[in-house]
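1. how does the following fold in three dimensions:
(one chain, ligands or ions: 1)
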Amino acid sequence: DVLVRIEHLRKYFPVKEGFMSVKNVQAVEDVSFAIKEGETLGLVGESGCGKTTLGRTILRLHEPTSGKIYYRDKDITKGRMLPYRRKMQIIFQDPSASLDPRKTVSDIVGEAIDIHKLASSKAERSERVQELMKLVGLNSEHCCRYPHEFSGGQQQRIGIARALAVQPEFIVCDEPISALDVSIQSQIVNMLEDMQHDLGLTYLFIAHDLSVVRHISNRIGVMYLGNLVELAESRELNKNPLHPYTKTLLSAVPVPDPVKSRSRKRIILEGDIPSPMNPPSGCRFHTRCPYATARCKEEAPAFRELSPNHFAACHIL
Ligand code: SF4
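-> Residues are numbered from 1 along each chain as shown. Sure, this is the predicted structure:
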């Protein structure tokens, strides 16, 4: 029941350095995982760690540098993507930037219906758009309005309606709530959960905030500087984090209990995240890891299964 699988996926962006030389930004480096049908895989890490690039590369919005992408066991790394565009959709981070301001909501949501020829008449198309508006909690009579006439939360609902218009199976949710007001965030998360339940959707849910991801995800992957450093079931990762970087992220998640919160020690990492154009040798985390040894500087740790379904990449584990 694996829906999406990636193997040793890499995405490099060439950048001109000076007159003659070209260097690569190694945004995604050798990432492998599988997403089961109906599950939510959360992906977390600091901004610039490659999680958004990874999500877009899986959808082939960026062409992979190397590695493989499988959809229901079919290799989709190369060749025409149109047949899979319908099955694999994306919800963008910034709804106002992702909606064309010159188009009405009806045109924005209906465009995908037209491309994939999912309505046989204008009336059927209009009916479908209205159904989708209702599904995401918007007034179907507002189909003729333009994006700027809606609030940020409503614009994100339009973005979700657009993704759902083609009846997808898999959706990359790329930080779908981080640009929204805190009061709206939980409404959107709850709606995504309800839709997953009702429509049998599978999500790759990308966020920099671990507290959001652990609420919605069945499993969580942690990324650092293009590498996947830990992957486990959500409860297991929260109870028993193994990788030093995951421990740092978890220590920053607020705890509602004031007594527990006072006794908890926040781990602060030294230094800035290195440039993906010049990543550190060996373990990419060694420049900031409090446990780094000489071996860490020379040898990249293997991503291993350390207990059932719990994977991490670290020499000291
Ligand atoms: Fe830290 Fe070394 Fe483990 Fe990397 S391999 S996380 S540097 S201890």
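2. quick one: Gly42 from Asp209, how far?
-> Gly42 sits 10 Å away from Asp209, going by CB to CB, to the nearest Å. Just so you know, the C-beta spots here come from the backbone N, C-alpha and C atoms, and that holds for glycine as well.
3. correction: the previous question concerned Gln89.
-> According to CB to CB, Gln89 and Asp209 sit 22 Å apart.
4. Gly42 and Asp209 - which one has more neighbours?
-> The neighbour comparison of Gly42 against Asp209 (other CB atoms under 10 Å) goes to Gly42, with 25 against 16.
5. need the three-state assignment for that one.
-> Using DSSP: H, G, I helix; E, B strand; the rest coil, the structure places Gly42 in strand.
6. need the pLDDT of Ile188.
-> In this model, Ile188 is scored at 92, pLDDT.
7. wait, doesn't it sit right on Ile177?
-> Yes - with contact defined as CB atoms under 8 Å, Ile188 reaches Ile177; the gap is 5.2 Å.
8. which neighbours do the two share?
-> Here Ile188 and Ile177 have Gln156 as joint contacts, going by CB atoms under 8 Å, 6 or more residues apart in numbering.
9. so how far is the longest helix seen in the chain off the chain centroid?
-> Secondary structure of the chain per DSSP state H: the longest helix is helix 182-199. Relative to its parent chain, helix 182-199 has a centroid offset of 16 Å by CA atoms, centre = their mean, to the nearest Å.
10. what does stretch 305-317 give?
-> 22 Å.
11. what comes into contact with that stretch?
-> Stretch 305-317 has contacts (CB under 8 Å, 6+ apart) with 219, 227-233, 236-237, 240, 242-244, 246, 283, 291, 293, 295-296, 299-304.
12. 6 Å - rerun?
-> Outside stretch 305-317, the residues within contact range by CB atoms under 6 Å, 6 or more residues apart in numbering are 229-232, 236, 242-243, 291, 295-296, 301, 303.
13. repeat for stretch 43-50
-> Stretch 43-50 is contacted from outside by 27-28, 51, 206-208, 210, 213, 221-224, 226, 273, using CB under 6 Å, 6+ apart.
14. out of the residues you listed, who's nearest the ligand?
-> Of all the contacts of stretch 43-50, the ligand sits closest to Tyr224, with 8.6 Å by CB to the nearest ligand atom.
15. quick check: bridge partners of that closest one?
-> When bridges are taken as DSSP bridges, the partners of Tyr224 come out as Asn227.
16. that one touches Phe285, doesn't it?
-> Yes - with contact defined as CB atoms under 6 Å, Tyr224 reaches Phe285; the gap is 5.4 Å.
17. just the contacts of stretch 43-50: which are in strands?
-> Among those, DSSP state E puts 27-28, 206-207, 221-224 in strands.
18. so among the residues you listed, where is pLDDT lowest?
-> Ala207 (92).
19. show the contacting residues for that residue.
-> By CB under 6 Å, 6+ apart, Ala207 lies in contact with 44, 175, 213.
20. closest one to Arg102 out of the residues you listed, please.
-> For the contacts of Ala207, the residue nearest Arg102 by CB to CB is Glu175; the value is 25.1 Å.
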